[in-house]
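1. What follows is a predicted protein model with its sequence.
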Amino acid sequence: MKVHDTALAGVKRIELEVYHDERGSFLESYHAQRYAAVVGTHRFVQDNCSYSGRGVLRGLHYQVKHPQGKLLRVSQGEIFDVVVDLRRDSSTFGRWEGMVLAADGHTQLWIPPGFAHGLYVLSDSAVVEYKCTDIYRPDDEACLRWNDPELAIAWPEGAKVLSSKDRNGASLTQLHEEGRLP
Ligand SMILES: Cc1cn([C@H]2C[C@H](O)[C@@H](COP(=O)(O)OP(=O)(O)O[C@H]3O[C@H](C)C(=O)[C@H](O)[C@H]3O)O2)c(=O)[nH]c1=O
């Protein structure tokens, strides 16, 4: 595996090693010892998998008091993945990073705790699987508005299919004023 830094400290892109032979291919998507250098002391306690159709936009979500680190992989299709730095002591607070992740790219994304996360499906459908460093706590979840002008995230063109929760996300300023940042 090859690990690459991104513009946001701690967020890593991981190129997986894929073993091809006449039957197909094999890859390891997680290995405790090998990933310790990437995820540090964080341990994973929950695995998630979401399936979405073309144009679905999920996010931007995070947990306030129990922020989750996420090790994410696209196992089918292609998405535009976005993370927003909400770590108060970070020099890149409020900055976002977006990247295309595709199943055939065999690339994972490590998102430390303290980031809002969202994804936008570019293919007919996409399956996104991710390991989390804390359990899901719906009462602790916050939704940052995907099209907050303060963030100015350059989402790819195209129709956006959102949940009602995501259509009614709060602005970064509002979440800050309400004390609902991680
Ligand atoms: C997140 C989650 C959801 N659920 C249930 C709650 C709802 O009945 C249903 C759909 O939940 P939601 O609409 O919040 O799912 P997403 O919009 O995919 O949320 C995720 O979207 C972005 C991309 C993320 O990074 C987060 O992991 C997560 O917030 O699954 C669970 O049972 N466990 C969970 O961990």
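-> Right, received. Where do you want to start? Residues are numbered from 1 along each chain as shown.
2. Could I get the pLDDT score of the closest residue to Trp155 other than its chain neighbours?
-> Nearest residue to Trp155 in three dimensions, chain neighbours excluded: Tyr120, at 5.6 Å (CB to CB, 6 or more residues apart in numbering). Just so you know, the C-beta spots here come from the backbone N, C-alpha and C atoms, and that holds for glycine as well. Reading off the per-residue confidence, Tyr120 sits at a pLDDT of 98.
3. Val128 contacts Val56, doesn't it?
-> No: with contacts defined as CB atoms under 8 Å, Val128 does not count as touching Val56, sitting 10.2 Å away.
4. Have a look at these two and say which one is more surrounded.
-> Between Val128 and Val56, Val128 has the larger neighbour count (other CB atoms under 10 Å), namely 23 against 20.
5. what's the following helix or strand after the helix or strand that one falls within?
-> Secondary structure assigned from DSSP states H and E places Val128 in strand 125-132. Counting by DSSP H and E, the element after strand 125-132 in chain order, helix or strand, is strand 141-143.
6. Mind listing residues that contact that next one?
-> With contact meaning CB atoms under 8 Å, 6 or more residues apart in numbering, strand 141-143 is reached by 59-64, 116, 165-166, 168-170, 175, 180-181.
7. Next up, phi/psi of the most far-flung residue of the chain relative to its centre, please.
-> For the chain, the largest distance from the centre (CA atoms, centre = their mean) belongs to Glu22, which lies 33.3 Å off. With angles defined as degrees, to the nearest 10, Glu22 sits at phi -60, psi -20.
8. so how far is Ala103 from Tyr62?
-> Computed as CB to CB, to the nearest Å, the Tyr62 to Ala103 distance reads 25 Å.
9. who's more crowded, those two?
-> Neighbour totals were compared for Tyr62 and Ala103, and Tyr62 leads with 28 against 17 (other CB under 10 Å).
10. Need the nearest residue in space to the more buried one, chain neighbours excluded.
-> Looking at Tyr62 with CB to CB, 6+ apart, the closest residue is Ala116, at 4.5 Å.
11. wouldn't Val82 be in contact with Leu60 here?
-> Yes: the pair formed by Val82 and Leu60 meets the contact definition of CB under 8 Å, at 6.8 Å.
12. what do the two both touch?
-> Both Val82 and Leu60 are contacted by 117-118, under the criterion CB under 8 Å, 6+ apart.
13. Is the residue nearest to Trp155 in a helix, a strand, or coil?
-> At Tyr120, secondary structure determined by DSSP: H, G, I helix; E, B strand; the rest coil is strand.
14. Could you do Val38 as well?
-> Here Val38 is recorded as helix under three-state DSSP.
15. and if you look at Glu97?
-> Going by three-state DSSP, the secondary structure assigned to Glu97 is strand.
16. What does the pLDDT read for the residue most central in space within the chain?
-> Residue closest to the average C-alpha location in the chain (CA atoms, centre = their mean): His117, at 4.4 Å. Among the per-residue scores, His117 shows a pLDDT of 98.
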